[in-house]
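Participant: Here's my sequence, what's the structure:
(4 chains)
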Amino acid sequence: MSHFEPTIIAFLCNWCSYAGADLSGTSRYKYPANIKALRVMCSGRVNPLMIVQAFRAGADGVVISGCHPGDCHYSQGNYFTRRRFILFRKFLEFLGIDPERVVLSWVSASEGKRFADLMEELTDKIRNLGPLKNFTPLETEARGEINDS
Amino acid sequence: MEKFILPKEKLIDFLKALESYDLFAPVRKEEVTVFAQVNKIDGTTFDFKNQPLTPKGIMFPQTESLFTFDTKTYAMNDSAMTPKKQRVMFGLRPCDARSFLILDPVFKQDYPDPYYLEKRTATILIGINCSEPFTNCFCTSVGGSPASQEGLDLLFIELPNSYFVEVISPQGKTIVEEASSLLSSASPEEEKIKDEIVQAVKEKIKRNIETKHLPEKIEKIFENPIWKDLAFKCIGCGICTYTCPTCYCFDIQDEVLKGGGKRQRIWDSCMFKEYTLHASGHNPRPTRAERLRNRIYHKFKQNIDKYGVAGCVGCGRCISFCPVNEDLIENLMKIKKL
Amino acid sequence: MRIGVYICHCGINIKATVDVAQLSTFAEKLPYVKVARDYLYMCSDPGQNLIKKDIEEFKLDRVVVVACSPRMHELTFRKVLESAGLNRYLFEMANIREQCSWVHQDKKSATKKAHSLLAASVHKVALLEPLTEKEVSVTPTVLVIGGGIAGIQAALDIADAGYKVYLVEKDPTIGGHMIQLDKTFPTLDCSACILTPKMSEVGNHPNIEIISYAEVADVKGYVGNFEITVRKKTRYIDETKCNACGLCVSYCPIETPNPYNLNLSKMKSIYIPYAQAVPACYVIDPESCRYLLKKECRQCEQVCQGLKAIDFKQKEQAITIQVGAIIVATGFDTFDPKGKPEFGYALYPNVITGLEFERLVNSSGPTMGEIVIQGKKPKDVVFIQCVGSRDKTVGNEYCSRVCCMYTAKQAHLVKEKIPHANLTIFYMDVRAFGKGFEEFYNRVKMEGVKYRRGNPSEIYKKGDKLIVKAEDTLLGELVEVEADLVVLAVGLVPSKSTEEVIKLLKLSRSPDQFLLEAHPKLRPVDTASDGIFLAGCCQGPKDIPDTVAQASGAASKALILISHEKVKTEAQTSIVNESLCRGCGFCVAVCPYGAIEPKMIEKAGEVTKVASVNDALCKGCGMCVPTCFSGAIQQKSFTDNQLLSMLSVLGEKNVSF
Amino acid sequence: MNLFSLKEAAKQALSQTEVNFVIGYTKGSYGFRVAPFFAQNEAEVEKLFFSPLCDLSLVNYLSLEKNTPLEKFGKSPEQKIGIFVRGCDSRAINQILSEKGIIREELIIIGIPCHGVIDIKKLEARFPGVLDQARAEEEDGKYTICFGDKSFAIKKEDILSDKCKHCAYPTPLIYDLLIDGKVEGKDDRYEDIKPQEEATLGEKEEFWKNEFSRCIRCYACRNACPLCYCENCILERLSPQWVKRSVNPTENVIYHLSRAFHLAGRCAGCGECERVCPVNLPLMLLNRKLEKDVKSLFNFTPGIDSEQKQFLTTYDLKDSEEFIL
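Facilitator: So this is what the prediction gives:
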């Protein structure tokens, strides 16, 4: 892997993690530009199937980040998130997709430093994993034209 | 018409002799046998038993990109799977060969379809007779036969330790010439054995139905409640159409990603609710009854009216694969009884 | 569609790390984009006017601002759209400051990322739909649950402001725990003396309706429009007729423990908790009344012939009231020391809790204020602090904030009444943080009360004395102290009723099990549910002044709400596509606000159940969306369609259209 | 299986005036095949039967009839449907009930304690080309298969459907009438998915790539699933388009992943998806994996109670935090 720069999409909940990301900006902590945030109101909004869509779209890694348990602005959204993704990661692995590419993390509005560090760490990890090969968009393999050799 | 003999052990050499062509043949792929391009030719590659899946995908791929486009440059370029060179399709069953004769007019008449036609014209069809008919084979009931030559350029008929090769078309002849060294001309005795074998296989086909007067019959019973009876156990999956060698319905979609995309042509199935669903939400074939009726109608009435031949080669796949025992023959019987 | 894209330099904040000029040339090429500009400060008046002008000139119908965090200026620019006659929700912001220029150094990669964020926002904005906030009218009344000092204070403030208040109290009288206290620290003024005037003020206030001996049974509706059902327990006495003459009591043959005195004394089956009770009306205790149990007696009924206030046929009744806001003031219970068996509470009668001591020392208490235990004045008295507080073994990690001071106060009271008694207080730390606390603590120490640092491990009986065994952690030695009376400074825990309240109002708890506020610092009296506020110890242990302060805070919050005729609700709510909905109710199950309800509709000739969203209740979290397999429920401005199209852009390695 | 009591049960159900029809099994048109049958009157009840050949689930029809009503069977709200269910089917019904997909009052459930059914594919592989209607009976660990004038004895485990090999709930969990006595369930250890679980990431990826490359996307797995009863499936929707129509490894993975995950905590393990697949995809592996994890992580088993909460719409404060950063 000569020089590979991964694309990482981060689903951030508006109240904790997105605010935390903002804070790491206002306090000028640095992290790699590989991270692209997508704001949702609550991590509970994120449908696991969206992760696959992100992969197909070209993402090499995905972050889902919400409030710490108990702190959810909507009181319970992150508990559902937790449940869904514990299961979903295991399922991805079963299908041969490296679960390390899907990271769930709790980041509060006050953890600007932590957010930056997490993103740093995560980007390195995905960089080492290399590009995601399970999803190669728009390849067309017509039935009957399977090349056997 | 010339007839030759190819010793079984020479088969591989025969195929090797055709290496100037792209060779397509039935190969084992995990659980099932599919028609696929073959690059390395050896004894282990092939599976000449009856193929559960239709080879129509070679001419009419389940997914074919007609062209690609680029939303940045607005460039469009043809990406259809145009054959690079002449193709040989080896080892297809006579019924499947016939299916191409049924597909041809559909893609030729009215609006000639270059994507199908260029593959079709670039392909020489070499069949092997059907020696082990499936449980539900009924080709003989729809004008076919286990050793039918229709649609083929060459037909191999399996004898105990050789193949009886019938040359059917000029293309077939050229092939034979390229492999002439391996072939010897057939003797009348061998021809006799061949005829006996073919006859024997014919008798192996146990399912049959007299289809002569079906069209008139079907026409009369369009509104008959029998369609509901026939359809109640249908679960509306696409198996019968996707495994059918003569079904040709497709859907066209632009699939865009990463600032570019492809115009894709994908098999579709008249058994799906979405197939006839209008944008308005109205569905002219609202229930499985109308859909099942449509399929039988199309195969045994409309196709005959338009192209003079039933849209069915009697391969029996729709019967064998149906998960809930929708039995085409049984259904046709019921219709006839009315 | 006509989209305008506006890229902000933010002085050099963005410009320094992102090539804004290149960004706007890039933006111009994007589908539907009619104009793209970059400007020094988009949020400045000139910047805003720039956008307004373009909206008119280019007939823009969608706007993307590429600048700072939407948490910063989303509202600013929404207003701009509105003032230019566009729907404020046809707007999207790409955050290239906090989450791009400020966190990245390499200009090339930062610009590249900015491209992709911008493109994603354009893709989303193109799919946005105009939205409107609903306005719901507000019922200008308030429900206060709990008649302790918190409830009383909140009710009085709101009533004095001229609004109607319903004060619901589960006991026969308001007053709560405060009325059980003797003196209050550190000022030592008599608790009842300062509370009872407030109580009678509540009782007589034209704007306050006390519904005592009652519980909230059901809560429907939403902010501004709650419909409350209150279940009134049967008093067997007609409140309108009883004049509290008390004649009945002398005739009642049954005696039963008095809960007001924590069962340290007895009362009759027909009773009034205490003289100053509000409302001043008697109650018949169904657990002990001879007639209610055995169908005999009815003496009280006979002596009350004149008023005919006693009515054994009385039934439990349900009252429904309409309110615009709810204040929860359900208070606390004291920790039950049976949870710390080593202290022998309930085993040794001379081991009592702090609250029991308050009654014992109170002149209206079981002993008329004499400190007498087992018939004699105690000589050696031991106080143990932090019983059930700061104690993980009983699951209460928090400090109850009042015990240090009430223990000091109680020690002082003992000294006052039994000058020669030897007083020992076992403590972990003394937290005298409040106004006048430290001074009072010093004063008590001066009075000769012995403070020993240590947490007793055991109390056992030796002869007619109790021995309190502990390690004095300052001297580092094991000490055994004799005691005739041991007072346990029990901590505060959420009241039993909290569980019920949570169910009714869909509130949640903080880890300490008290009710959770909306924000620990900035919204300490709000809850996650609009129109519901917290006052007093239900939110966490507090002393009286803090409670009163928070109660007034809650009152003013409620007043702000009900003083408006209408209240705006969230616009980015969820919406159900009924033709797709299977009526499985998954969304109903996850909604934390009970905003989704099943309803019956006619579908394909069949009556089927589908989900329907109450916009007034929906807070727009979108939690319901992933639970919907058929994708029937979607969150406005965050639909699957919109998010997926953003993803398709964000996924690209190099966006260069 | 006592055919008499089976038919009696069906008649009993039909005798209730409001019952429209009873969905049961009848002999297929050839060989080992069995067909679903809707008996509307006592005469038609005579056609009903049950044998180890009944490898298909009928539950599917409850929602199929609802989504695309066939006039003949289109029922007025107060009319009921009778249906024969095996253990796994009853779990499917429980699950659908808990999702309010059907109304209990509209069903007469006739429970068949199930000793396991035969995998017809395996049988047809053994006896190709059998046209005469075959019979199958089970006794002490053996199946007796008869067709024409022939009869064979085959060891049960040789042709038993895979889904039945670890069935924990062979006796219906919900029914109005139960035929014959209860059958003991097996202790399901999920041995069948172990190899796949223990494979390396690479092996797994390779395995599924190969499998899914065969998929012809006929949607039979979805249509046959009793729990896929959305009137409009998101996997076929164009906006948003979760799965592109192209049939290629990427889209096939997305299709099967999405389909399976929609069944997480819902799949009743009836194995229909795998049974109907014309290219023999091992789809139950996916469902079984999810079932196992849902059980071990959240201690939840779908379909054992018609009242139970959905595990994806509930949570436990003590849910695992492993892997969360």
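
Participant: which one is the closest residue to chain A within chain C nearest to, not counting chain neighbours?
Facilitator: Chain C approaches chain A most closely through C:Gly651 (2.7 Å), counting by C-beta to the nearest C-beta. In short, each C-beta sits where N, CA and C put it, glycine included. Spatial nearest neighbour of C:Gly651, chain neighbours left out: A:Ala57 (2.7 Å); criterion: C-beta to C-beta, 6 or more residues apart in numbering or on different chains.

Participant: just checking, the one you found touches C:Leu650?
Facilitator: Yes: if you go by C-beta atoms under 8 Å, A:Ala57 and C:Leu650 touch, sitting 6.9 Å apart.

Participant: Nearest to chain C within chain A, name that residue for me.
Facilitator: A:Ala57 (2.7 Å).

Participant: Distance check, that residue against chain D.
Facilitator: To chain D, A:Ala57 is 11 Å away according to C-beta to the nearest C-beta, to the nearest Å.

Participant: Kindly report the same for C:Ser630.
Facilitator: Counting by C-beta to the nearest C-beta, the gap from C:Ser630 to chain D is 4 Å.

Participant: quick one on the thing from earlier: run a quick neighbour tally on the residue of chain A closest to chain C.
Facilitator: 23 (other C-beta atoms under 10 Å in any protein chain shown).

Participant: Same question for the one 10 residues further on.
Facilitator: The local packing count at A:Cys67 equals 26, with neighbours defined by other C-beta under 10 Å.

Participant: Can you classify the residue lying closest to A:Pro99 once chain neighbours are set aside by secondary structure?
Facilitator: Counting by C-beta to C-beta, 6+ apart, A:Arg89 is the residue found nearest to A:Pro99 once chain neighbours are left out, at 4.1 Å. Classification of A:Arg89 using DSSP: H, G, I helix; E, B strand; the rest coil returns helix.

Participant: And C:Lys53, by the same measure?
Facilitator: Quick answer, by three-state DSSP: C:Lys53 is helix.

Participant: what's the answer for B:Cys130, then?
Facilitator: Assignment for B:Cys130 (three-state DSSP): coil.

Participant: in the stretch 101-250 of chain C, which spans are helices?
Facilitator: C:107-127, C:149-160, C:191-204, C:247-251 (DSSP state H, counting those that start in this stretch).

Participant: B:Cys95: neighbour count?
Facilitator: 31.

Participant: What lies in contact with the host helix or strand of it?
Facilitator: Here B:Cys95 sits within helix B:94-108, counting by DSSP states H and E. Helix B:94-108 has contacts (C-beta atoms under 8 Å, 6 or more residues apart in numbering or on different chains) with B:51, B:54-56, B:59-60, B:113, B:116-117, B:120, B:125, B:127, B:129-130, B:137, B:139, B:144-152, B:155, B:245-246, B:248, B:303, B:306-307, B:309, B:311, B:313-315.

Participant: C:Val303 reaches C:Val249, doesn't it?
Facilitator: No: the criterion here is C-beta under 8 Å, and C:Val303 misses it with C:Val249 at 9.6 Å.

Participant: Tell me which helix or strand C:Ile601 sits in.
Facilitator: strand C:596-603.

Participant: Let me see the mean pLDDT of that strand.
Facilitator: Averaged across strand C:596-603, pLDDT comes to 88.

Participant: Could you see whether chain A lies near that strand?
Facilitator: No: contact of strand C:596-603 with chain A (C-beta under 8 Å from any C-beta of the partner chain) is absent, the minimum separation being 13.4 Å.

Participant: Give me the buried stretch members for stretch C:332-351, please.
Facilitator: C:332-335, C:337, C:339-340, C:343-345, C:348, C:350-351 (16 or more other C-beta atoms under 10 Å in any protein chain shown).

Participant: So D:Cys146: helix, strand or coil?
Facilitator: Per three-state DSSP, D:Cys146 ends up strand.

Participant: quick one: contacts for the nearest residue in space to it that is not next to it in sequence?
Facilitator: Once flanking residues are discounted, D:Cys146 sits nearest to D:Arg135: 4.6 Å by C-beta to C-beta, 6+ apart. Shown in contact with D:Arg135 (C-beta under 8 Å, 6+ apart): D:Ser51, D:Ile145, D:Cys146, D:Phe147.

Participant: State the pLDDT value of residue 145.
Facilitator: Chain wasn't specified; assuming chain A. With respect to pLDDT, A:Glu145 scores 35.

Participant: Wait, chain D was what I had in mind.
Facilitator: Reported pLDDT for D:Ile145: 95.

Participant: Equivalent analysis for C:Ile467, please.
Facilitator: Confidence score, pLDDT, at C:Ile467: 96.

Participant: got the contact list for the closest residue to D:Glu191 other than its chain neighbours?
Facilitator: Once flanking residues are discounted, D:Glu191 sits nearest to D:His166: 7.2 Å by C-beta to C-beta, 6+ apart. By C-beta under 8 Å, 6+ apart, D:His166 lies in contact with D:Lys186, D:Asp188, D:Arg189, D:Tyr190, D:Glu191, D:Asp192.

Participant: same thing with B:Gln171?
Facilitator: B:Ile124, B:Asp153.

Participant: What is the burial count for C:Pro286?
Facilitator: 14.

Participant: do stretch B:41-49 and chain D meet?
Facilitator: No: Stretch B:41-49 lies out of reach of chain D by C-beta under 8 Å from any C-beta, never closer than 10.4 Å.

Participant: Just the endpoints, please. Distance across that stretch?
Facilitator: 17 Å (C-alpha to C-alpha, to the nearest Å).

Participant: Pull the residues that contact it.
Facilitator: Here stretch B:41-49 has contacts from A:148, B:12, B:15-16, B:19, B:23, B:25-28, B:33, B:38, B:91, B:128, B:132, using C-beta under 8 Å, 6+ apart.

Participant: which two in those residues are spaced the farthest apart?
Facilitator: B:Glu19 and B:Glu132 (29.0 Å; C-beta to C-beta).

Participant: my read: C:Thr139 touches C:Glu227, true?
Facilitator: No: using C-beta under 8 Å, C:Thr139 is not in contact with C:Glu227, being 9.1 Å away.

Participant: higher neighbour count, these two?
Facilitator: Taking neighbours as other C-beta under 10 Å, C:Thr139 and C:Glu227 compare with C:Thr139 leading, 17 against 14.

Participant: what's around the spatially closest residue to B:Pro323 that is not a sequence neighbour, how many residues?
Facilitator: Closest residue to B:Pro323 apart from its sequence neighbours, by C-beta to C-beta, 6+ apart: D:Val276 at 3.5 Å. Counted with other C-beta under 10 Å, the neighbours of D:Val276 add up to 23.
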